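> pasting the sequence and the predicted model now:
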Amino acid sequence: MKTENEEKISGLPENAFHELKPGEEYKPIMSPDKQYREVNSWSVVWGLLMAILFSAAAAYLGLKVGQVFEAAIPIAIIAVGLSSATKRKNALGENVIIQSIGASSGVIVAGAIFTLPALYILQAKYPDISVDFFQVFLSSLLGGVLGILFLIPFRKYFVSEMHGKYPFPEATATTQVLVSGEKGGDQAKPLIFAGLVGGLYDFIIATFGAWSETFTSRVLPFGETLANKAKVLFSVNVGAAVLGLGYIVGLKYAAIICAGSALVWFIIIPLLPFLGDSFLESINPAPYLEHGKLALAGGIDAASPELIFTEMARHIGIGGIAMAGIIGIIRSWPIIKSAVGLASKELKGGGKDASKIDKRTQRDLPMKIISIGVIVALLVTFIFFYLGVMHNLFYAVIAILVVGIIAFLFTTVAANAIAIVGTNPVSGMTLMTLILASVIMVAVGLKGTTGMVAALIMGGVVCTALSMAGGFITDLKIGYWLGTTPAKQQSWKFVGTLVSAATVGGVMIILNETYGFTGDNALVAPQANAMAAVIDPLMSGTGAPWILYGIGALIALLLTFMKVPALAFALGMFIPFQLNIPLLIGGAVNWYVGSRSKDKALNTARVDKGTLLASGFIAGGALMGVVSATMRFAGVNLTLDGWADTHGSEILALFMYIGVIAYLIYASMKAKKDNNENEVRQD
């Protein structure tokens, strides 16, 4: 096989984002017939450093505001900057490995902070609950390892067989960063400039609060009354990064997601108060118990639309995601069966070893290694449950069966969600896992505080596994587009997971000691608070809101019958409204710039230019999110407190948002096709 020469990168192939015609083949930038620098001391050391740094930053920001930023994009930017500063040539393969190892941070953090801080929250109420470093570390590590192992057999289906059918917004943005960095010169300017615009815009919001991050209908005449009395509220996140995400997602999926949001916020939430507190308490008693800020103790009429969504309506979305997941599992069964069959065949000595496949870009880790790895990981997890959590053999057996089955089956759902919208509904699936785990463990006799700890540790393992599956499919799609070796990405992902899990365990203990998760000025940890609020009553004998879950499940079944993507719709019901509307706006911009001309090639050029700019928005917003988080961690608070929460701040936010939308449209429309090469000229 040939080795690399000095190559000139001209950009992704024309068919990178489109479905392939019969007989058409996708040829990545890095030729499958050549060897490239990928794994070496440079890429591994920098990847591990990124994993440590971004694990700490993401953990702090996630526990502070409930949002975990996508680490892959800022890491890709740093990797490109390092290779440029040191004048490393043909560093694309190395940069993919740096990004892949480092991106373990974000997914491990998401898996850990959505569940495990609930142990500290419950500890304040039940002092006999103990939390230590190894509980956090092992649940994160084992969940991450299982997520990698369960996903690898599905790589070919998601990244190759479904080529062009899924938008992969996060992977698209990261790939554009890596390609533009490798191209250098004028071709990278649109991405860099859009990154500066989007990054500065989002940095001003996050750091100074110069204008509100969310515009709501409360600022309009009668808007406050409409929200308080009729429970009708419109809201939109005005961030540039979320707008860019919507552009890449496209109008089709964005419209379906927003339809789910509209059903919940404009129909279900306004109707719920008419059912009365007695009926609502009978179908979901938990919010009416004393859970501090999460309580509906004041009655449904006194609750804000946001609280009704969190405590009642969101459960419908969880039911929808669960049923869409089950439907997805049924539809994916041939893929699952094929992957299991291949593993079985290889273990018996038959089938073609993945490491001996001719094309470098199609080589996965051998299924024999994957199968043995799954068995070992499940065995170690079982020992952890038995010796470190439950101290009961029967309970540990039940726990490992629940965790293994749910994590494996929902792996495809997590990957599918990331492929469609770039957002992993991991907290919704984890909440369903916690509920199922609690019901099952209570049924077999495990209750009280021991049951709470067991259910949360089980949830932590599953949450991290699903988070890893969703994040890793992004890495593998990037590698597919660029032409790296999948087996190398897969091997070194385990190392990134180990380092990230250790970092997260230490950071979480430090943050608990410094800020705490309960009391005044505590870290918000919204997902963990929600998990604690659900676990406590379940383990204390209070029932789950099965009727609400059932409504969501019926909606998903009806949508499937009508051939509407149920998972996208259910995501809309679960994700807060203000984060869904920007997807629709971004998708509408995509449609607009791609339909203004009768010249199809010109429309394509404009859409591609917009994709580059949208990627810049996402990249700039993510990178500046790290900077802002670091400043907060250092105790630097520059927020204009007297202004940030005013109506004037929201009105200014609307005008600034219109400005950034106008820039995206104007700059995209300036793209021109090159009549000779039919390529975009980035004027």
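Received, thanks. Residues are numbered from 1 along each chain as shown.

> tell me the secondary structure of F279, please.
Recorded secondary structure, F279: helix (DSSP: H, G, I helix; E, B strand; the rest coil).

> I'd like to know how many residues surround it.
A count of nearby residues for F279, using other C-beta atoms under 10 Å, gives 13. C-betas here are computed from N, CA, C, even on glycine.

> so how far is A230 from it?
19 Å (C-beta to C-beta, to the nearest Å).

> now swap in L654 and tell me
Counting by C-beta to C-beta, the gap from L654 to A230 is 22 Å.

> how about G587?
Counting by C-beta to C-beta - G587 and A230 are separated by 28 Å.

> more neighbours, those two?
Counted by other C-beta under 10 Å, G587 and A230 do not tie: G587 has more neighbours, with 24 against 13.

> and the more buried one, what element?
Here G587, judged by DSSP states H and E, is contained in helix 577-593.

> can you pull the buried residues of the following helix or strand past that helix?
Using DSSP H and E, the helix or strand that follows helix 577-593 in sequence is helix 600-633. Neighbour counts over helix 600-633 (16 or more other C-beta atoms under 10 Å) mark 602-626, 628-629, 632-633 as buried.

> give me the contacts around stretch 38-56.
The contact list for stretch 38-56, computed with C-beta atoms under 8 Å, 6 or more residues apart in numbering, reads 37, 71, 74-75, 78-79, 82, 88, 93-102, 104-106, 108-109, 484-485, 488, 491-492, 495-496, 499-500, 503-504, 507, 626, 633.

> repeat for stretch 115-133
Contacting residues not belonging to stretch 115-133 are listed as 63, 135-136, 139-140, 430, 434, 449, 452-453, 456-457, 459-460, 463, 505-506, 508-509, 512, 516-519, 523, 525, 527-529, 531-532, 535-536 [C-beta under 8 Å, 6+ apart].

> starting at the chain centroid, how far to it?
26 Å (C-alpha atoms, centre = their mean, to the nearest Å).

> straight-line length of that stretch, end to end?
With C-alpha to C-alpha, to the nearest Å as the measure, stretch 115-133 spans 15 Å from end to end.

> sorry, back to before: show me which of the contacts of stretch 38-56 are buried.
For the contacts of stretch 38-56, buried by 16+ other C-beta under 10 Å: 37, 71, 74-75, 78-79, 82, 93-102, 104-106, 108-109, 484-485, 488, 492, 496, 499-500, 503-504, 507, 626, 633.

> how about stretch 615-631 as PDB, C-alpha atoms only?
Written as PDB, here are the backbone C-alpha positions of stretch 615-631 (Å, rounded to 0.1, in the frame of the first residue of the first chain):
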ATOM      1  CA  SER A 615     -20.500  25.200  10.900                       C
ATOM      2  CA  GLY A 616     -18.600  28.400  11.800                       C
ATOM      3  CA  PHE A 617     -21.400  29.500  14.100                       C
ATOM      4  CA  ILE A 618     -21.400  26.100  15.900                       C
ATOM      5  CA  ALA A 619     -17.700  26.000  16.100                       C
ATOM      6  CA  GLY A 620     -17.300  29.600  17.400                       C
ATOM      7  CA  GLY A 621     -20.200  29.200  19.900                       C
ATOM      8  CA  ALA A 622     -18.800  26.000  21.300                       C
ATOM      9  CA  LEU A 623     -15.200  27.300  21.600                       C
ATOM     10  CA  MET A 624     -16.300  30.500  23.200                       C
ATOM     11  CA  GLY A 625     -18.500  28.500  25.500                       C
ATOM     12  CA  VAL A 626     -15.300  26.900  26.900                       C
ATOM     13  CA  VAL A 627     -13.700  30.300  27.400                       C
ATOM     14  CA  SER A 628     -16.800  31.600  29.200                       C
ATOM     15  CA  ALA A 629     -16.900  28.400  31.400                       C
ATOM     16  CA  THR A 630     -13.300  28.800  32.200                       C
ATOM     17  CA  MET A 631     -13.800  32.400  33.300                       C
END
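
> how far does that stretch sit from the chain's center?
Distance of stretch 615-631 from its chain centroid, counting by C-alpha atoms, centre = their mean, is 16 Å.

> whichever of the contacts of stretch 115-133 end up buried, select them in ChimeraX.
Filtering the contacts of stretch 115-133 down to the buried ones (16+ other C-beta under 10 Å) takes a single ChimeraX command:
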select :63,135,136,139,140,430,434,449,452,453,456,457,459,460,463,505,506,508,509,512,516,517,518,523,525,527,528,529,531,532,535,536
